[in-house]
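Sharing a sequence plus its predicted fold:
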Amino acid sequence: MELTFEINERVIGGVPVVAVAGEIDVATAPTLAEHLGVHEAGGANVVVVDLLGVSFLDSTALGVLVGSFKRLRDSGGTLKLVIAEPRILKVFEITDLVRVFPIFATVDEALAG
Amino acid sequence: MELTFEINERVIGGVPVVAVAGEIDVATAPTLAEHLGVHEAGGANVVVVDLLGVSFLDSTALGVLVGSFKRLRDSGGTLKLVIAEPRILKVFEITDLVRVFPIFATVDEALAG
Amino acid sequence: MSDTVTLSLPVRSELLVLARITAATMASRADFDIEEIEDLRLAVDELCLSVVWGAKSGTVRLEFSVDEATIAITCELDGSGEPDDVVGPGEPDDLSMRLIEALVDEHGRESSDSRRRAWLSKRRSRVEH
Amino acid sequence: MSDTVTLSLPVRSELLVLARITAATMASRADFDIEEIEDLRLAVDELCLSVVWGAKSGTVRLEFSVDEATIAITCELDGSGEPDDVVGPGEPDDLSMRLIEALVDEHGRESSDSRRRAWLSKRRSRVEH
Ligand SMILES: Nc1ncnc2c1ncn2[C@@H]1O[C@H](COP(=O)(O)OP(=O)(O)O)[C@@H](O)[C@H]1O
Ligand SMILES: Nc1ncnc2c1ncn2[C@@H]1O[C@H](COP(=O)(O)OP(=O)(O)O)[C@@H](O)[C@H]1O
């Protein structure tokens, strides 16, 4: 079933990469917020959120990402997104958030960019 | 989505092989019945129904298969089933239909057996 | 926690899938394992079939309740005010009855000329974590 | 054909998925294409969020109607008799509003202190085959 939600974390070259899979909605977004909060509190500068495995995401998820992006930016860092699926990109386009987040097609590009 | 239902037919060594994929329930079983009816009317002796792609099946599906089996048997033929998934086999076990149908794990075995 | 979800559908074979999906979603949320979720998917399908059997129109009303480790589902047919929609008490298929019996812990049914109703309940095996 | 399905859920974030699944299933049955089905999945989610916003309990009542080439969905919050569950008229998130606006053909909302209701409708592009 598509009901799964999973977060996997790696650190590549000192940068935390938070990979999310499944549906991010009002039930699961708080878990994502917790994960991002740990990195913000730990003083991370750049955080990469890999959304390649995400099949659905709503305004609750956008709210969590925007909040984390703002806090990282305020401390001189940034939050980079990895998105390949046109369907997921569409959500960021409708809301004009493509102009807020640095968005990359692969994790490698996000780490390099 | 898992809502798809599809029937693909092949003829191997003169034997019709009806491959079903998706969910067989009260909405889709009539389509299966039509396909089997064509072979019964066409004078088929043996028909193989390949259920390897089936993710769900209920008593409506069982009714269709039993009806076709009986008509083929009455005209000297038989209906063979191909089932690998334990979950699908369980439905035939609960209803004791494992003792009615010749059941095989692969299409090759069904054609040979 | 105790959650109750209700679902009403017209008698339309293409919509029965909604009963299966709702049962599976609630069972999955209530920590039933995959085998038990599949059991419930089939059991609720057979429950509806046994209640709706022979009806040409009307509304199927389902109630799904999760309480601790148990899910209970009732299915009822409202004949939409056309009494001949419900052709006598349902005669549930023998196969349906065997499946329901094997797949759930408890089940029951009541039917009169004007009303058909059946229910089931199933307890998950997994213990609270 | 005109089919109406109703779904009632408690305010529980884990159950919102049922609204998405029901919308997607009905749209798929009504021959909407995959892109439109995904639009509806997101739109109904945002519709519920905008209605339920801030509520701590109560029942969310959804109605899904398919008529010819159009699906209409209404979402209503019943405050379960505890008036302070509904904290004033809903203030739907700006992001929700933009998404709904972009994803459906028509939408509207009405709210008072005791009641919140919103609706949307979307027409499929594919013509009858
Ligand atoms: N929601 C349902 N639950 C269980 N069985 C149903 C349901 N809808 C239809 N059926 C069964 O399918 C039969 C045919 O339904 P009907 O609505 O006439 O077909 P269709 O929807 O394919 O036009 C009904 O008599 C009933 O036995
Ligand atoms: N069915 C629903 N539809 C839309 N939003 C919901 C739904 N259920 C919960 N929410 C939103 O999630 C918030 C938290 O819900 P709550 O039930 O308190 O959390 P949880 O179910 O995770 O314990 C609510 O205030 C509401 O904004």
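Thanks, I have it. Here the structure is a predicted model, which means the values were calculated and not measured. Residues are numbered from 1 along each chain as shown, chains lettered A, B, ... in the order given. Ligands and ions are numbered 1, 2, ... in the order given.

Isn't C:Ala61 up against C:Gly79?
Just so we're on the same page, residue C:61 is Arg rather than Ala. No: the criterion here is C-beta atoms under 8 Å, and C:Arg61 misses it with C:Gly79 at 11.5 Å. Yep, even glycine has a C-beta here, placed from its N, CA and C like the rest.

Which residues are in contact with residue 21?
The chain I'm using is chain A. A:4-8, A:53-54 (C-beta atoms under 8 Å, 6 or more residues apart in numbering or on different chains).

You answered for a different chain; I wanted chain C.
Counted by C-beta under 8 Å, 6+ apart, C:Ile21 has contacts D:21-22, D:25.

Okay, helices next: where are they in chain A?
A:29-41, A:59-74, A:86-94, A:107-112 (DSSP state H).

most packed of those helices?
For the helices of chain A, the largest average neighbour count (mean count of other C-beta atoms under 10 Å in any protein chain shown) is found in helix A:59-74, namely a mean of 19.

got the angle for it vs helix A:86-94?
Orientation check (axes from the mean of the first three to the mean of the last three C-alpha atoms, to 10 degrees): helix A:59-74 against helix A:86-94 gives 70 degrees.

Kindly provide the whole-number mean pLDDT of helix A:59-74.
Regarding helix A:59-74, the rounded mean pLDDT is 96.

Residues touching that helix, excluding its own?
A:24-26, A:29-30, A:32-33, A:36-37, A:40, A:44-47, A:49, A:78-79, A:81, A:91-92, A:95, A:97, A:100-101, D:46, D:49, D:93, D:95-96, D:99.

Likewise for stretch A:100-110?
For stretch A:100-110, the external contacting residues (C-beta under 8 Å, 6+ apart) are A:12, A:17, A:48, A:50, A:52, A:65-66, A:69, A:78-84, A:89, A:92, A:113.

Please pick the buried ones from these.
With neighbours counted by 16 or more other C-beta atoms under 10 Å in any protein chain shown, these contain buried members at A:17, A:48, A:50, A:65-66, A:69, A:79-83, A:89, A:92.

possible to save the residues you listed as CSV with distance to D:Ser2?
Below are the buried ones among the contacts of stretch A:100-110 laid out as CSV (distance: C-beta to C-beta, whole Å):
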residue, distance to D:Ser2
A:Val17, 49
A:Val48, 48
A:Asp50, 44
A:Leu65, 40
A:Val66, 41
A:Phe69, 45
A:Leu79, 47
A:Lys80, 48
A:Leu81, 42
A:Val82, 44
A:Ile83, 39
A:Leu89, 35
A:Phe92, 36
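
between those, which is closest to chain D?
A:Val66 (8.5 Å; C-beta to the nearest C-beta).

do you know how far the closest one is from ligand 1?
42 Å (C-beta to the nearest ligand atom, to the nearest Å).

do C:Leu7 as well
Distance check for C:Leu7 against ligand 1: by C-beta to the nearest ligand atom, it reads 10 Å.

So that residue sits against C:Val17, correct?
No: counting by C-beta under 8 Å, C:Leu7 does not reach C:Val17; the two are 11.5 Å apart.

Could I get the contacting residues of C:Arg12?
Contacts of C:Arg12 (C-beta under 8 Å, 6+ apart): D:Asp3.

Dihedrals phi and psi, it?
C:Arg12 adopts backbone torsions of phi -150, psi 120, taken as degrees, to the nearest 10.

distance of it from chain A?
For C:Arg12, the distance to chain A equals 24 Å [C-beta to the nearest C-beta, to the nearest Å].

got it, and C:Ser96?
24 Å.

Need the pLDDT of the closest residue to that residue other than its chain neighbours.
Leaving out its chain neighbours, the residue that sits closest to C:Ser96 by C-beta to C-beta, 6 or more residues apart in numbering or on different chains is C:Glu46, at 4.3 Å. Predicted confidence (pLDDT) for C:Glu46: 97.

How about C:Met1?
At C:Met1, pLDDT is 52.

now do C:Leu42
98.

can you tell me how far it sits from chain A?
15 Å.

Doesn't that residue lie inside a helix?
Yes: counting by DSSP: H, G, I helix; E, B strand; the rest coil, C:Leu42 is part of a helix.

how close does it get to D:Arg123?
According to C-beta to C-beta, to the nearest Å, C:Leu42 stands 36 Å off from D:Arg123.

A:Lys70 too?
From A:Lys70 over to D:Arg123 the distance is 38 Å, taken as C-beta to C-beta.

for A:Leu36, same thing?
A:Leu36 is 39 Å from D:Arg123, by C-beta to C-beta.

Can you report phi and psi for the residue nearest to C:Ser96?
The phi/psi pair for C:Glu46 (degrees, to the nearest 10) is phi -70, psi -40.

Can you name the residues bridging to A:Ile7?
A:Val20 (DSSP bridges).

unless I'm mixing things up, it is touching A:Val18, no?
Yes: because the distance of 6.4 Å satisfies C-beta under 8 Å, A:Ile7 is recorded as touching A:Val18.
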